[in-house]
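Visitor: just coords:
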């Protein structure tokens, strides 16, 4: 009994050592784009500027300005505008397998004149499609530096969604922060402040803080609208926007409800409760921004509790951003991380499939042959043809080196999490068995045990063929260590599922593996898939304490990776 328990502990220990080494190896994959400063990167060349510029650029100032822009001029030395690169600001924005860098040209008014793609760590097909999409780059023209909303909707390039969105997100990060609200997009009207400032003639500034100017051109007041600062605190039916009159010292002088999406009966009660809102005046923006509603026993307006509390929280959050609130308060109310997540229809389908898979597994649905075959079709169509969300060496290598693109591809990230986290813990392999479209179609076309088209592979040949996936995985890792920019998408047939952009070679490769699977059951999964081999290697198995050839190779790769890391620094 004690011997069995001891053996079991050793098996578990050996298993987690394997998993740990795999994690370390992934961490040691070098980035194809080492972090450099603006000065180290240097300006783009004239040949790298977008071809649709309205000017003839003759010179680019070699030294960047304070904002990291290089001045550009014509042949007579006349200043035309400025040019910038999105690196290093876009370094952490990962697309399909890595970051992308854009070149941005702005005029003297800080408006974007043109955008182009400099280089990308993504696959050749993705990059080619994005580079040739004039409509994608045209949508950025007219944007203004420093006034770009990080939540601004961007039309991605069909078939290269992750690459194009990563390029756009990097551009937004480089060009400046949030400016304005897409929810409360209407400009502030002079009539909105007339009751506070009867002599008001125009408003300047914005989008959140505006100065009120009289007929003589003198500033007679300052107002703050909360929409550009906070527009995601939902009441009974939607968010609300306040207009706040500020006095000297950033003191809240008065406030009024500007716009709301909440139900009108509740809004009427809220507007009538002058006393409730009076308590928030004569406070500085900093004091109001640090207000804890629960600690102060602020419970809202009776009969409209949900709406009034949401409106109060909107006011507090907005002042936390506007004023000098403590850093931890400002961070707690900052919604930018969640707003940066792009949740598309394909992501909803991925999450839905994962939930459905859990239910089918729990209640034995996969044991029903008809239900199982229906599931395989759904996976092939939705995960494969519709979303193209297949795990691959190219994807895993890129995410290991550059970070996970969870904000741009939450659905694919969820599938990757299930594929990589479940096998080490509970011995299952849900991705290969239930979620891989290429595996699904192979299950559909495989010959039965008595089929006349079935070809049996001799045992000796089978042993050697099963070494191919591990060999490919080993070679791929060594290549990545010394050539991190290598494109691994052609090493597997999965790129064919991005059929809108896939090359003919990728499609032929995929069809060939499926053709073989019609005579040799699951041929590619058994004899060709390095991604599946990796997932199966970290799967918790019953022979966890036995040392295998693969373990020795793993240790060799670890020594090689550490040595390379030590030599290159």
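Guide: That came through, no problem. Note that the structure is a prediction, hence the values are computed from the model and not measured.
Visitor: Pretty sure residue 124 sits against residue 488.
Guide: No: assessed by C-beta atoms under 8 Å, residue 124 is found out of contact with residue 488, at 11.5 Å. All C-beta atoms are positioned from the backbone trio N, CA, C, and that covers glycine.
Visitor: With neighbour numbers in mind, choose between these two.
Guide: residue 488 (22 against 14; other C-beta atoms under 10 Å).
Visitor: pretty sure residue 568 contacts residue 481?
Guide: No: the pair residue 568 / residue 481 is not scored as a contact, 9.7 Å apart, by C-beta under 8 Å.
Visitor: what is in contact with the two at once?
Guide: Here residue 568 and residue 481 share the contacting residues residue 30, scored by C-beta atoms under 8 Å, 6 or more residues apart in numbering.
Visitor: Between these two, which has more neighbouring residues?
Guide: For residue 568 versus residue 481, the count of surrounding residues by other C-beta under 10 Å is larger for residue 481: 19 against 10.
Visitor: That one: helix or strand, and which one exactly?
Guide: Taking DSSP states H and E as the criterion, residue 481 maps to helix 467-482.
Visitor: And that helix, what's buried?
Guide: Buried positions in helix 467-482, judged by neighbour count with 16 or more other C-beta atoms under 10 Å: 469-470, 472-474, 476-477, 480-481.
Visitor: domains of this protein?
Guide: 48-175, 226-230+233-334, 345-568 (automatic domain parsing).
Visitor: for these, which one sits closest to residue 202?
Guide: Of all the domains of the chain, domain 226-230+233-334 sits nearest to residue 202, with 16.2 Å by C-beta to C-beta.
Visitor: now the strands for the stretch 51-200 of the chain?
Guide: With DSSP state E, counting those that start in this stretch as the criterion, the stretch 51-200 of the chain has strands at 59-60, 70-73, 79-85, 100-106, 112-120, 200-205.
Visitor: Need the residues that contact the last one.
Guide: Right, the one you point to is strand 200-205. 188, 190, 193-194, 210-215, 220-221, 223.
Visitor: in the stretch 451-569 of the chain, which spans are helices?
Guide: 459-465, 467-482, 504-517, 523-527, 530-537, 549-568 (DSSP state H, counting those that start in this stretch).
Visitor: Nearest approach to residue 78 belongs to which of the ones you listed?
Guide: helix 549-568 (45.1 Å).
Visitor: elements contacting that closest one?
Guide: helix 2-27, helix 467-482 (3 or more C-beta pairs under 8 Å, 6 or more residues apart in numbering; DSSP states H and E).
Visitor: want to try CSV for those, with distance to residue 439 and mean pLDDT as columns?
Guide: As requested, the helices and strands packed on helix 549-568 are arranged in CSV below (distance: least, C-beta to C-beta, whole Å; pLDDT from 0 to 100):
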stretch, distance to residue 439, mean pLDDT
helix 2-27, 21, 76
helix 467-482, 13, 92
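Visitor: could I get those helices as CSV with distance to residue 53?
Guide: Formatted as CSV, these follow (distance: least, C-beta to C-beta, whole Å):
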stretch, distance to residue 53
helix 2-27, 42
helix 467-482, 37
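Visitor: So for residue 414, which of those sits nearest?
Guide: Closest among the helices and strands packed on helix 549-568, using C-beta to C-beta: helix 2-27, at 18.7 Å.
Visitor: which among the buried residues of helix 467-482 gets closest to residue 508?
Guide: Of the buried residues of helix 467-482, the one sitting nearest to residue 508 (C-beta to C-beta) turns out to be residue 472, at 18.5 Å.
Visitor: gap between that closest one and residue 242?
Guide: Distance of residue 472 to residue 242, given as C-beta to C-beta, to the nearest Å: 60 Å.
Visitor: And the pLDDT at the closest residue to residue 158 other than its chain neighbours?
Guide: Spatially, and ignoring its direct neighbours in sequence, residue 158 is nearest to residue 500 (6.0 Å; C-beta to C-beta, 6 or more residues apart in numbering). Listed pLDDT for residue 500 reads 72.
Visitor: what's the neighbour count on residue 383?
Guide: 25.
Visitor: when you give positions from now on, start the count at 436
Guide: I'll keep to 436 as the first residue from here, and by that count the last item is residue 818.
Visitor: That one falls within a helix, correct?
Guide: Yes: applying DSSP: H, G, I helix; E, B strand; the rest coil, one finds residue 818 inside a helix.
Visitor: dump the residue contacts of it.
Guide: 785, 788, 824-825, 850, 870-872.
Visitor: can you check residue 575 too?
Guide: 539, 547, 550, 603, 606 are the contacts of residue 575 under C-beta under 8 Å, 6+ apart.
Visitor: repeat that for 7 Å
Guide: 547, 550, 606 (C-beta atoms under 7 Å, 6 or more residues apart in numbering).
Visitor: okay, those in a markdown table with pLDDT, distance to residue 743 and neighbour count next?
Guide: Putting the contacts of residue 575 into a markdown table (pLDDT from 0 to 100; distance: C-beta to C-beta, whole Å; neighbours: other C-beta atoms under 10 Å) gives the following:
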| residue | pLDDT | distance to residue 743 | neighbour count |
| --- | --- | --- | --- |
| 547 | 88 | 41 | 20 |
| 550 | 89 | 44 | 24 |
| 606 | 83 | 40 | 26 |
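Visitor: can you redo those residues as a markdown table with distance to residue 898?
Guide: Formatted as a markdown table, the contacts of residue 575 follow (distance: C-beta to C-beta, whole Å):
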| residue | distance to residue 898 |
| --- | --- |
| 547 | 60 |
| 550 | 54 |
| 606 | 52 |
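Visitor: Could you single out the most deeply buried of the strands of the stretch 486-635 of the chain?
Guide: strand 535-541 (a mean of 25; mean count of other C-beta atoms under 10 Å).
Visitor: report the angle between the axes of it and strand 547-555?
Guide: If you take axes from the mean of the first three to the mean of the last three C-alpha atoms, to 10 degrees, strand 535-541 sits at 160 degrees to strand 547-555.
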